[in-house]
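Asks: My questions are about this predicted structure, shown below with the sequence.
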Amino acid sequence: MTKNNKTAILLGASGLVGSFLLDILLNSEEYSSVVIFVRKEIARKHPKLIEHIIDFDRLDKYADLVQGDDLFCCLGTTIKQAKTREAFKQVDYYYPLKFAAMAKENGVKQYLMVTSIGANANSSVFYLKTKGECEEAIKKLNISSTSIFRPASLLGPRKVVRPQEKIGEVVMKIFSFCLLGKLKKYKPIQAEKVAQAMYTVAQSPKAGFNVYESDHIQSL
């Protein structure tokens, strides 16, 4: 039985962090409904699940559907997957920002988003610069409560497994014990832990703009 009548909005429900978060939200007594926006239908049925299949390049059409209490953004891609920098920026900058703006317009009080360790609008690395620019743009919206999660390398079952990423995961696992003190935040982190941290923070929202680095996410 649902304890509260809150509605969660989830972006990126089919991704690594988002798929774990979807399970958490559907099983939570805190939410009576979970609204997801996807490009194509996902293989999941649940009485609380409301699925909107949309064209992400025409988001203005769906503004009235962005209704709820807490918006969780787990959208993200890689330049290799997106193929161009412009396509990457669409997913990692424009979509999260546009949804945040629509959510605020509709009275959503809390926005929680996954970016990346090292996100910085002044970075010389395009990936990190884009993440940082998105954070800064969303900060300017002044949503009642905004939480940014910057995980290190994510561990978990990926739909597309690239050999170099698998090798990287193994190497990082072997040497992660060396990452102490200020380097602790660079330890790889399970995607499920990131999802759980997002959910935990959402239940005790802090006013303003808050950033959670990877080592803090681990402790949550």
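Replies: Thanks, I have it.

Asks: can we go C-alpha only for contacts and neighbour counts from here?
Replies: Fine.

Asks: pretty sure Ala63 contacts Ala101?
Replies: No. If you go by C-alpha atoms under 8 Å, Ala63 and Ala101 don't touch, sitting 9.4 Å apart.

Asks: who has more neighbours, those two?
Replies: Ala101 (19 against 16; other C-alpha atoms under 10 Å).

Asks: give the contact list for Val17.
Replies: Cys74, Ala191, Glu192, Val194, Ala195 (C-alpha atoms under 8 Å, 6 or more residues apart in numbering).

Asks: for the fourth one, helix, strand, or coil?
Replies: Same thing as Val194. Going by DSSP: H, G, I helix; E, B strand; the rest coil, the secondary structure assigned to Val194 is helix.

Asks: Read off the pLDDT value for it.
Replies: At Val194, the model reports a pLDDT of 98.

Asks: Kindly reformat the contacts of Val17 as a markdown table containing distance to Arg58.
Replies: Shown next, in a markdown table, are the contacts of Val17 (distance: C-alpha to C-alpha, whole Å):
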| residue | distance to Arg58 |
| --- | --- |
| Cys74 | 19 |
| Ala191 | 29 |
| Glu192 | 31 |
| Val194 | 29 |
| Ala195 | 28 |
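
Asks: Out of those, which comes closest to Gly118?
Replies: Comparing the contacts of Val17 against Gly118 with C-alpha to C-alpha places Val194 closest, at 16.1 Å.

Asks: Farthest pair within the contacts of Val17?
Replies: Most distant of the contacts of Val17, by C-alpha to C-alpha, are Cys74 and Glu192, 12.2 Å apart.
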